[in-house]
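A.B. asks: sharing a model that was predicted from the sequence below.
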Number of protein chains: 2
Amino acid sequence: MNNGNRAGEIAEILQERIAAMQAGERLPGVRELSAEFRASAATVSAALAELAALGLVAAEPGRGTFVTDRALPSEPDYSWQSQALGRARVDAARAARLGFHGTAEHIQLSWGYLSAELLPHEELRRIGSRAAKSPRARAMTPPAGSPELRRGIAADYRADPGDVLIVSGGQQGLVFALRTLAEPGSTVIVESPSYPGAILAAQSAGLALASVPADAEGIRVDRLAEELERTRARVVYLQPGYANPTGAVLSAERRARVLELAASAGAFVVENDWARHLGIESPPPPPLFGEDPHGHVVSVVSLSKSASPGLRLGAVIARGPAGERLRASRTADDLCVSPIVQEIALGLLTSNAWPRHLGRLRDALGERRDALLAAIRTTLPGVRVPHVPRGGLHLWARMPEGVHAGEFSAAAYAAGVLVGDGRHFFVDEAPGQFVRLSFGAVTGAQITEGVRRLAPLLPA
Amino acid sequence: MNNGNRAGEIAEILQERIAAMQAGERLPGVRELSAEFRASAATVSAALAELAALGLVAAEPGRGTFVTDRALPSEPDYSWQSQALGRARVDAARAARLGFHGTAEHIQLSWGYLSAELLPHEELRRIGSRAAKSPRARAMTPPAGSPELRRGIAADYRADPGDVLIVSGGQQGLVFALRTLAEPGSTVIVESPSYPGAILAAQSAGLALASVPADAEGIRVDRLAEELERTRARVVYLQPGYANPTGAVLSAERRARVLELAASAGAFVVENDWARHLGIESPPPPPLFGEDPHGHVVSVVSLSKSASPGLRLGAVIARGPAGERLRASRTADDLCVSPIVQEIALGLLTSNAWPRHLGRLRDALGERRDALLAAIRTTLPGVRVPHVPRGGLHLWARMPEGVHAGEFSAAAYAAGVLVGDGRHFFVDEAPGQFVRLSFGAVTGAQITEGVRRLAPLLPA
């Protein structure tokens, strides 16, 4: 047994050596190698036989053992992949933009997370360090998540803990929901504008997208009715509270109408409740989830937005067979969310620090929103913010006449400021020139400086 | 502004109260509520208007405000979902078995991970606690993963770090790879028997499955050639080193032939390299990845197997456009692996404790394998293990004549022992009665006791 092992070791060392040799070059003889490796001739011969079987060397009786062509790195040729791969589902350019936040020097005037100084660092350090020491961090949890964490999240939604599936952040929740609820090739309806990550998630799930305009009161329900009729879509994706990018809140009348439409179309409403903890003047209205007893609403919850971008933790809450399917595909998809991350989330949600953090956050977001609005008003007079959001992280701004959102955001990038090119928030062509400006990832000083740098990029 | 906020709060409190009331019951009047909430009549009226908009109450002029039917929890009716959901892709029963490891009292004589006492607890505590304190744990990493970790994993595979995508464990790696490389509805070829998680992953990706028999030298390449021809599959899933469940190692000749077949069919080989660190007599042969310059081989790497089940961390290594697509869909799918988990993995891989742990593990796995083999030989004489694996975690055992694997594993479960019903390792019907017996998740004492409990379940 040892012998086999030793031959394998020698073969591995020789393989590395061969990689640096030329085709046709001769290897040292068995006797020489025996001496070098302090191994028997049989062991060395076994090693050479292994290399020969791999096609890396060829023995020529009486002459020795020679390096073959195969041993040498050849120029890679990936052209065959284009045919094997078929059509790309995910728009790589859109994906790159979503994952992109410039360099450390850029002012993040468009980012969907909180800046570092708004995070509950001390609490997360303390809770994280405790979680790392627990043996629970090293054992798996059930696929749907740790029972305590599921209970904690269920309580916020007045849901049955059995209907909660813990996921690695809201984005995974979205993809899981869309992939499970809709058949590949079918249509999902989204508001327009909407979150680019949802557009990507739908692409990744192999779905077609249809969009319905939204205004300051959320999705236009008359148009939603038409689109459900036209597309026969069985899934509608909405952000009823502080929609990204517009900040709109779905009005009470429209909430009721959306639920009626879902019921009559036999459709799911995927409610992305990403801004649950990001209210400024008031929390967003309660989740739609609570107003629908028949399992039409599937809620996607995120902790990464309010706790820290690096805490990739969220949940999908779904009832009935839809919930069962979601939880079954979790096992197929990644078994469970890393237990240490679940432990940290549970520790945070059950700590006194959590409501304290949310209170501080509310104040800070209010100040920054107001500072950004004021800076726009005074420094970018041609830019209009039609709707002042009462929560969330973003302002949706219309460019002055003649300014192209794509060119403006490219110029802003060159000036060291990230702004969100509005075109990425539409499924099809943008109906106007918009940019998304975020106030959650920048300090007051960065807001002033960022807006100052944008001013010269606009017509006087 | 404050007024609006206060009305919302009152509405929320009233909503809870209403949920406990009967339809038709009258709410207290505005004056009474004003007194109770110390709010103006206008504020209370605004709160009631919100509830009316939600359809929870109805005002009857001159009589008061009454609870409607809608306010009351109605019996949920999920029947509409059956139509909306379409066909299930993932076999829920198979998924439940994969995620299942019985109760704490069960002896885990079939589980794909290491038992607690084989884990590097002290190192993981220390590294985890340090990682929790780093601000890097709270910031996002680029979608493909932390550059240092990608470099660390690339080194083992002699890969370009740019070709490495960090994922949340091997299972996620598998699903990502299958979903990205194969078009929904196309076929993936797997060995038979094969890892049930791969079968689930293919189902989750919407793929059809075809299987090719394997023996002690891995997949039968003659049959693979036929099946590639017949199905036009562009993806083959293999475990070249210590295949789960059989422990087979793909022979050198077959390795070369698999690569030739992939090249001529223009197909990908997804190499599940799960047992890279689980060699007993010797490490498994080097990854297939290194022998193919043209991007046919896509390797799936797992740390969860060797480091700890709860460390959900792995990688997919893929070159060319296939690698680009994989990394683009990561942004759509979950943005990045939780940074604290990446930090812990990096800390572990670069620590002196890592090779020490692997050495200890090798010895422990060898002892347990031999103990399980000996216990089977002496206590379960009718059970045959046709192939003694030189690594991995499992033995593949053939049942004595007349014993049904399903019935045997059910009886074993009732006797407090988990054994793997062999049928789940085949895509179609099992060609014989097999069970998988694992030696990685049990102590020596548990092996003795587990096998002792199995003996009376077999014919004398």
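C.D. replies: Thanks, I have it.
A.B. asks: can you report how many residues lie near residue A:428?
C.D. replies: As a burial measure, residue A:428 scores 10 neighbours (other Cβ atoms under 10 Å in any protein chain shown). For every residue, glycine as well, the C-beta is placed using N, CA and C.
A.B. asks: so how far is residue A:5 from it?
C.D. replies: For residue A:428, the distance to residue A:5 equals 62 Å [Cβ to Cβ, to the nearest Å].
A.B. asks: and stretch A:220-235, C-alpha only, in PDB?
C.D. replies: Extracted C-alpha coordinates of stretch A:220-235, given in PDB (Å, rounded to 0.1, in the frame of the first residue of the first chain):
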ATOM      1  CA  ARG A 220     -50.900  51.200 -11.800                       C
ATOM      2  CA  VAL A 221     -53.500  48.600 -11.000                       C
ATOM      3  CA  ASP A 222     -55.600  49.300 -14.200                       C
ATOM      4  CA  ARG A 223     -52.600  48.500 -16.300                       C
ATOM      5  CA  LEU A 224     -51.700  45.500 -14.100                       C
ATOM      6  CA  ALA A 225     -55.100  44.100 -14.800                       C
ATOM      7  CA  GLU A 226     -54.600  44.400 -18.600                       C
ATOM      8  CA  GLU A 227     -51.100  42.900 -18.400                       C
ATOM      9  CA  LEU A 228     -52.200  39.900 -16.400                       C
ATOM     10  CA  GLU A 229     -54.900  39.400 -19.000                       C
ATOM     11  CA  ARG A 230     -52.600  39.800 -21.900                       C
ATOM     12  CA  THR A 231     -49.600  37.800 -20.700                       C
ATOM     13  CA  ARG A 232     -51.400  35.200 -18.500                       C
ATOM     14  CA  ALA A 233     -48.500  35.700 -16.100                       C
ATOM     15  CA  ARG A 234     -48.800  33.900 -12.900                       C
ATOM     16  CA  VAL A 235     -46.200  35.900 -11.000                       C
END
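A.B. asks: now the spatially most central residue of chain A: which helix or strand?
C.D. replies: Per Cα atoms, centre = their mean, the C-alpha nearest to the average position across chain A is that of residue A:171, at 4.3 Å. Assigned by DSSP states H and E, residue A:171 belongs to helix A:170-181.
A.B. asks: chain center to that helix: distance?
C.D. replies: 11 Å (Cα atoms, centre = their mean, to the nearest Å).
A.B. asks: which other helices and strands contact that helix?
C.D. replies: strand A:164-167, helix A:196-204, strand A:235-238, strand A:268-272, strand A:297-302, strand A:314-317, helix A:320-333, helix B:320-333 (3 or more Cβ pairs under 8 Å, 6 or more residues apart in numbering or on different chains; DSSP states H and E).
A.B. asks: which other residues reach that helix?
C.D. replies: A:165, A:167, A:188, A:197-198, A:201-202, A:204-205, A:207, A:234-235, A:237, A:268, A:270, A:272, A:274, A:298, A:300-302, A:304-305, A:312, A:314-316, A:318, A:322, A:325-326, A:329-330, A:333, B:84-85, B:332-335 (Cβ atoms under 8 Å, 6 or more residues apart in numbering or on different chains).
A.B. asks: repeat the analysis, applying 7 Å as the threshold.
C.D. replies: Residues outside helix A:170-181 that contact it (Cβ atoms under 7 Å, 6 or more residues apart in numbering or on different chains) are A:167, A:188, A:197-198, A:201-202, A:204-205, A:207, A:235, A:268, A:270, A:272, A:274, A:298, A:300-302, A:304, A:314-316, A:322, A:325-326, A:329, B:85, B:332-335.
A.B. asks: tell me the angle that helix makes with helix B:196-204.
C.D. replies: 70 degrees (axes from the mean of the first three to the mean of the last three Cα atoms, to 10 degrees).
A.B. asks: helix A:170-181 - what's its average pLDDT?
C.D. replies: On average, the pLDDT along helix A:170-181 is 95.
A.B. asks: residue A:146 is in contact with residue A:344, isn't it?
C.D. replies: No. The criterion here is Cβ atoms under 7 Å, and residue A:146 misses it with residue A:344 at 11.1 Å.
A.B. asks: just the buried residues of the contacts of helix A:170-181.
C.D. replies: A:167, A:188, A:197-198, A:201-202, A:204-205, A:207, A:235, A:268, A:270, A:272, A:274, A:298, A:300-302, A:304, A:314-316, A:322, A:325-326, A:329, B:85, B:332-335 (16 or more other Cβ atoms under 10 Å in any protein chain shown).
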